[in-house]
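Engineer: the following comprises the amino acid sequence and a computationally predicted model.
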Amino acid sequence: MNNIVSPLRCAAVIGAGTMGRGIVISLANAGLRVLWLDNNPQMVEAGLEMAEQTWAQNVAKGRIDAAEAAARRARVEAADGYPALAEADLVIEAVYENLALKQQIFRELDGLIKPGAILASNTSALDIDAIAAVTSRPEAVLGLHFFSPAHIMKLLEIVRGAKAAPAVLEAAQELGVRMGKVAVVAGNCHGFIGNRMLHTYVREARMLLLEGAWAHQVDAALQGFGFAMGPFRMYDVVGIDLEWRARELAGQGQDDVAVQVDNRLCEQGRFGQKSGKGYYLYAPGSRQAEHDPEVDALVLAESERLGFVRREIGREEILERCLLALVNEGAKILEEQIAANSHDIDLVYLNGYGFPAERGGPMAWADGEGVGAIRQRLLHLRERLGSHWQPAELIDRLAAAGKRFADVQEGRA
């Protein structure tokens, strides 16, 4: 891949939803010409209005001047079809999470985009190799996982496929720097670094609800530890219905015990902040989360329906289970070389998931606790709660050698 344009000058974005809008703003802010395509041209028009408002707000706050706002707007132009993207150096697909749809888009792009152009998917979890495989240029395909809102959130996960060329990864990292992002390279697995770890963390939070805790209690414990927000407050902000709809589309996962409370909330139209109620209540126009006894009643009813015998659950157990779920999965990610080192995992959690900065990230926190102690705590959880708490093999090795996660490079200590 010696014909990669460096630095990238012209990017194209497919999709004008919330994520596509933030990506376009980020690219234009970084000085790139941006071609913008959506199968509904009105979405691009609405996106351009939103971008103009964003830049106007930046002028009003003194962050940029009017000339810079005009220059950024001038860099963005609507495209009327895939052929109009032919000269782009980079194309970022930002449509909803559906593998078949993304593959269809990449097949079309592959035949139209110039040789040497990079094709990127803004997927948050899907298989990058499965997307790359439908093209004649798998070495030029990668994931660029932006976090919403993309023009504000600092984190960018760059997902390397099995065949991604080093020059392509370098170009993506350079672009990340130009956009002011904290760019972390991740290997290809379901959920990459951040969402793979998040899955284990929120699963524990959801199980704690069924076993005896309350949403506001779990959130208070984690916010007390220093998280920007607890898991249920987070779901209200991003939308409880996103995962619910994804499970419906995929035709799997809806019968998982852990998501039954979410399913009941969504069936009642309680999607979170955007609908005025989710795990919490929100006054019209307010982002202030208010405790809702109706949710407690719903949680209690689901617990009983599923056969749980509820018990008192304290702050210490909430922290223990949620934090150790993160650390154990992080150890597996290190072991599998999905992350280059523990620092990269910490960067993801500090910049994309609200982990408290003063604690350094989940792996740094675990090093401070002592890997041997972490192992003993995981074994205790395994005895109480089952085999999914089996410590990662890397934890066994590090504990035996008296080493830390920070000592691991490329899966080996």
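Structural biologist: Structure received.

Engineer: do you know how far residue 388 is from residue 349?
Structural biologist: Residue 388 is 21 Å from residue 349, where distance means C-beta to C-beta, to the nearest Å. For the C-beta atoms, the positions are set from N, CA and C on the backbone; glycine is no exception.

Engineer: same check, this time on residue 261
Structural biologist: Distance check for residue 261 against residue 349: by C-beta to C-beta, it reads 25 Å.

Engineer: which element is residue 249 on?
Structural biologist: Per DSSP states H and E, residue 249 falls inside helix 241-250.

Engineer: how about the nearest residue to residue 125, chain neighbours excluded?
Structural biologist: residue 191 (4.6 Å; C-beta to C-beta, 6 or more residues apart in numbering).

Engineer: what sits against the one you found?
Structural biologist: 124, 125, 197, 198, 199 (C-beta atoms under 8 Å, 6 or more residues apart in numbering).

Engineer: between all of these, which two are separated the most?
Structural biologist: 124 and 197 (12.8 Å; C-beta to C-beta).

Engineer: from the contact counts, what lies against the helix holding residue 249?
Structural biologist: Packing partners of helix 241-250 (3 or more C-beta pairs under 8 Å, 6 or more residues apart in numbering; DSSP states H and E): helix 260-267.

Engineer: centre of the chain to the helix it packs on, how far?
Structural biologist: Helix 260-267 has its C-alpha centroid displaced from the chain centroid by 22 Å (C-alpha atoms, centre = their mean, to the nearest Å).

Engineer: and it, which residues are buried?
Structural biologist: For helix 260-267, the neighbour count (16 or more other C-beta atoms under 10 Å) marks 260, 261, 262, 263, 264, 265, 266 as buried.

Engineer: repeat that for stretch 225-244.
Structural biologist: 225, 227, 229-237, 239-244.

Engineer: in what helix or strand does residue 200 lie?
Structural biologist: Assigned by DSSP H and E, residue 200 belongs to helix 194-211.

Engineer: that helix to helix 241-250, inter-axis angle?
Structural biologist: Following axes from the mean of the first three to the mean of the last three C-alpha atoms, to 10 degrees, one obtains 100 degrees for the angle between helix 194-211 and helix 241-250.

Engineer: circling back: distance to residue 406 and pLDDT added to the buried residues of helix 260-267, as a markdown table?
Structural biologist: A markdown table is the format used below for these (distance: C-beta to C-beta, whole Å; pLDDT from 0 to 100):
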| residue | distance to residue 406 | pLDDT |
| --- | --- | --- |
| 260 | 39 | 97 |
| 261 | 37 | 98 |
| 262 | 36 | 97 |
| 263 | 40 | 97 |
| 264 | 43 | 97 |
| 265 | 40 | 98 |
| 266 | 41 | 97 |
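
Engineer: pick the one among these closest to residue 373.
Structural biologist: residue 261 (32.3 Å).

Engineer: the closest one and residue 206, how far apart?
Structural biologist: 7 Å.

Engineer: repeat for residue 324
Structural biologist: To residue 206, residue 324 is 16 Å away according to C-beta to C-beta.

Engineer: kindly report the same for residue 216.
Structural biologist: Remark: distance between residue 216 and residue 206 (C-beta to C-beta) = 14 Å.

Engineer: same question for residue 403.
Structural biologist: From residue 403 across to residue 206, the span is 33 Å (C-beta to C-beta).

Engineer: more neighbours: which of the two?
Structural biologist: Between residue 403 and residue 206, residue 206 has the larger neighbour count (other C-beta atoms under 10 Å), namely 23 against 16.

Engineer: what's the nearest residue to that one if we skip its chain neighbours?
Structural biologist: Nearest non-adjacent residue to residue 206, counting by C-beta to C-beta, 6+ apart: residue 258, 4.3 Å away.

Engineer: hang on, the earlier thing: neighbour count for residue 388 and residue 349, which is higher?
Structural biologist: Taking neighbours as other C-beta under 10 Å, residue 388 and residue 349 compare with residue 349 leading, 27 against 12.

Engineer: that one should be in a strand, yeah?
Structural biologist: No - using DSSP: H, G, I helix; E, B strand; the rest coil, the assignment for residue 349 is helix, not a strand.

Engineer: for it, which residues are in contact?
Structural biologist: Residue 349 touches 194, 197, 326, 355, 361, 362, counting by C-beta under 8 Å, 6+ apart.

Engineer: and for the fifth one, the neighbour number?
Structural biologist: Other residues within reach of residue 361, judged by other C-beta under 10 Å, total 25.

Engineer: excluding chain neighbours, what is closest to it?
Structural biologist: The shortest distance from residue 361 to any non-neighbouring residue, by C-beta to C-beta, 6+ apart, is to residue 346 (2.4 Å).

Engineer: for the one you found, what are its contacts?
Structural biologist: By C-beta under 8 Å, 6+ apart, the residues touching residue 346 are 355, 360, 361, 362, 363, 364.
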